[in-house]
Structures are given as C-alpha cells and as structure tokens.
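Student: predicted structure and sequence below. I'll ask about it afterward.
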Amino acid sequence: MSGRFQAGEAVWVELATPDPDKVEPFYRALLGWTVRAERLGATTYRMCGIDGRDVAGISDAAALHAGRPRGWIVYFAVDDVSRSASRAVELGGELVTRPRYLPAAGTGAVVIDPFGAAFGLYQGESRTGVQLLNSAGALCWNELNTGEPAASVSYYRSLFGYTTRRTTDTPTARPYTLLMLGDVAVAGVLALDNEWPNLIPAKWITYFAVDSLDDALRRVCALGGTPTVGPVQSPYGRLHLVKDPGGHSLCLIQLDGGLRPGHDSSPRR
C-alpha cells in the first residue's frame, strides 16, 4: 500500500455476523485468509489477512453492534468521526454504533442510512485501513444497491462531498452512478428493480477479487455457500453475487485489471 486514504474513500470492510465460528472457515478456504484474534472490550475481533497484510475483519454482531446490522459493512474514511456521525444523523441516518476508540487502530462508528443500508465511519490512526487492494482475496470495490438511487446519492454526496458521474462502464455492466473524489471513482450506486420506493432495503455490497471465478464458485458450493446472481461479464472481469453459509451477500470478481486505484503497490497474485 502507498499513501493515505482520502476522506470519503472506503477504507475497511467488516463482516458483522451472529455466528463468527460458522463463517470464518468459509472465508479462510474461499479467499485464502489467515485469521488472528484481537481483544476488543468484552468480545473478540477477528482480523483477516493475506501474506501478513490486513484485508478485512469479522465481528460478533451482537457484541459489537447490538445485533444490528448484520452482513458486510463498508467503512469510509473521515477526518472527524464524531462530527461525521452527527452529520449522518442530521441527514436522516440512524447511529447504531456510537464512535468508539479501537486500540492500535483508530475510532469507528456505524450508521444506517435513510434507506436501510449500513455503513461505517472510520478515523484511522495507527491503522489507516486495508493494507491490500485488487489482489486475490482482497477488497476491490464497494457498491450501494438501492431502490431510491437519486435520494441515496444525495445523502452520500451531502455526507462525504462526492461529485458524481453516470456511466455504463461498471462492474455490473448496467447504468449506474459513480461516486467521485476529484477524478477518482471510489464507489458505485446501482438502482434496484423496485416497483415501489424503498420496498427493498438498500445494501452495500463488498467485492472481493479471485484468481478464477469458476474455481471460486465451486468452492462456494462445497463450503456451504450459495451462488445467487451471475455470472455477469463486466468491463472489469466476470463477477458473481454469492451468499456465505450465514446468508451474508458478497460479490466475487475475476479482475481483468484494478478497480480501486492509487493504493495497491503490490503485483496481483
């Protein structure tokens, strides 16, 4: 990794699950993660890594987030987590995990946006975020699926100061909105097929890179997961939505190039 993350960039991903023991073996085998346990108050946080570099976390949803939310949470970098948390609530979000200092890391909080999508705020100190991007097993993209794309975009623009760009050159090969910092795309917003506004709660989807999508899908099935939507041939490679054994959604993509620019200084595996 090179350089620090800008405020508004997705810097960390965490799986909040009621049964960490059930899902940890799935991700170890699927994405090649090693996992070490770190104490966090009265609970254990599972730090997941590749070749000694941190790429994600697994938490006990009940112990850390009072049972909500569940599933993959994307954390965005902020300069002042308390101020950003207050702003997120002023704009219509709900603060579900108040700003909490994490020893040897930084300060984090979790919000549910007005349309049901959970996301985090993170003010990094000794740990600025993920230490690997775009490599097999690592984070490469984050996408908001929402039935109210215009209102959702307005919320995140107001919170993080994004500009936007509409495009069809996306991982899903469908028209959607890119959230931009300067001329860099940092996340996407995809409109769900929704007959009535907000019928389906919005959700942030985490994308992980894999060397071979076909091999990964076979492992998903063998490990107790479920392929759901796909495969889709995108401009950046073939992708497929899947669910882990706990029912949590994620996207696997066989990259033809990098999706997240500017931080990954290591060659792809």
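Tutor: Cool, got the structure. Bear in mind the structure is a predicted one, so any value in this text is a computation, not a measurement.

Student: just checking, D60 touches G41?
Tutor: No. Taking contacts as CB atoms under 8 Å, D60 lies outside contact range of G41: 10.8 Å. (Each C-beta comes from the backbone N, C-alpha and C, glycine too.)

Student: who's more crowded, the two?
Tutor: D60 (20 against 11; other CB atoms under 10 Å).

Student: dump the residue contacts of the closest residue in space to that one that isn't next to it in sequence.
Tutor: Nearest non-adjacent residue to D60, counting by CB to CB, 6 or more residues apart in numbering: T43, 5.2 Å away. With contact taken as CB atoms under 8 Å, 6 or more residues apart in numbering, T43 is in contact with S59, D60, A63, L64.

Student: quick one: contacts of the helix or strand containing the last one?
Tutor: Right, the one you point to is L64. If you go by DSSP states H and E, L64 is part of helix 61-65. With contact meaning CB under 8 Å, 6+ apart, helix 61-65 is reached by 16-18, 40-43, 45, 59, 67-70, 96-97, 110.

Student: let's go with 6 Å and repeat that
Tutor: A16, T17, P18, T43, G67, R70, T97, V110 (CB atoms under 6 Å, 6 or more residues apart in numbering).

Student: now stretch 26-43: buried residues?
Tutor: F26, Y27, L30, L31, G32, W33, V35, L40 (16 or more other CB atoms under 10 Å).

Student: if I look at V184, what pLDDT would I see?
Tutor: Reading off the confidence values, V184 has pLDDT 90.

Student: any idea how far G124 is from it?
Tutor: Distance, V184 to G124, using CB to CB, to the nearest Å: 18 Å.

Student: chain center to the helix or strand of the chain with the lowest mean pLDDT: distance?
Tutor: In the chain, no helix or strand scores lower on mean pLDDT, DSSP states H and E than helix 61-65, which sits at a mean of 84. Distance of helix 61-65 from its chain centroid, counting by CA atoms, centre = their mean, to the nearest Å, is 18 Å.
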